[in-house]
Each structure stands twice: as structure tokens, then as C-alpha cells.
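Undergrad: 3D, please:
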Amino acid sequence: MEMDSTSSEFDIWRDSPLRLCGYANEVGEAFRPIFPKYVMPSYGVAFGYCAGDTIDKASIMYRNSNLKDKHRNHVIALCCFDTLLWQSLASVFIP
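TA: Numbers count the residues shown, from 1 in each chain. As a prediction, the model looks like this:
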């Protein structure tokens, strides 16, 4: 079962201002010369956003999956990996 990326369903992690938390580390890095002690917490906020989105997508996949246990766990693990990799690259590592 794949998640439909063209769905009109509201996603709080991607369709709201909460999305900006994924870029908190960029703000922390920008203010490193002035407030160096806030850089690490800004990465905590950004990684927290990535983890929250990953957990949300995994729970949605778990609730909507009609598959047998072993296959369902595999699909959910792939969903987690995909979301965590994408969010980490797009929000933390590449920008």
C-alpha cells in the first residue's frame, strides 16, 4: 500500500508552519557567531521534526494497511526509512 502524495488530505507536518521547524538548524547556524550555545538545540528541533513526521507516516501506514503482519511490518519499515531519509536530507543535511 502506497501513500498517495496527491491526496488533498491536510498533513500538519508538511502543510502548516510546523514545516519550518525542519529548517531550525539553518537559523541556528546563521546565529552561531552571536549565540553559539543555541546551535545544538536548533539541530534538536530539526531532527525532532524529522522524527515526528516519520512516526506520523508510520502510524498512518499501520492504521491503513490491510496486509498480513510480516509483510505489513516490511512496508511500514520501508515507509519509515523513506520518510526519515527524505526529511533528513531535505531539511537538515543538504540545505
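
Undergrad: residue ranges with poor pLDDT in this protein?
TA: Across the chain, the ranges flagged by pLDDT under 70 are 1-7, 95.

Undergrad: So which residues of the chain form helices?
TA: Here the chain has its helices, by DSSP state H, at 24-30, 39-64, 69-87.

Undergrad: can you put those helices in JSON lines and add distance to Asp11?
TA: C-beta coordinates here come from the backbone N, C-alpha and C atoms, glycine included. Below are those laid out as JSON lines (distance: least, Cβ to Cβ, whole Å):
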{"stretch": "helix 24-30", "distance to Asp11": "19"}
{"stretch": "helix 39-64", "distance to Asp11": "8"}
{"stretch": "helix 69-87", "distance to Asp11": "11"}
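
Undergrad: Redo these as CSV? Include mean neighbour count and distance to Arg14.
TA: Shown next, in CSV, are these (neighbours: other Cβ atoms under 10 Å; distance: least, Cβ to Cβ, whole Å):
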stretch, mean neighbour count, distance to Arg14
helix 24-30, 17, 16
helix 39-64, 16, 7
helix 69-87, 14, 9
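
Undergrad: Please name the nearest non-neighbouring residue to Met61.
TA: Nearest residue to Met61, sequence neighbours excluded (Cβ to Cβ, 6 or more residues apart in numbering): Cys79, at 4.6 Å.

Undergrad: could you list every residue that touches the nearest residue to Pro41 once chain neighbours are set aside?
TA: Excluding the flanking residues, the one nearest Pro41 by Cβ to Cβ, 6+ apart is Gly28, at 7.2 Å. Applying Cβ atoms under 8 Å, 6 or more residues apart in numbering, one finds that Gly28 lies in contact with Tyr38, Val39, Met40, Pro41, Ser42, Tyr43.

Undergrad: Turn those into CSV, columns for distance to Met61.
TA: Below are the contacts of Gly28 laid out as CSV (distance: Cβ to Cβ, whole Å):
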residue, distance to Met61
Tyr38, 35
Val39, 34
Met40, 31
Pro41, 30
Ser42, 29
Tyr43, 27
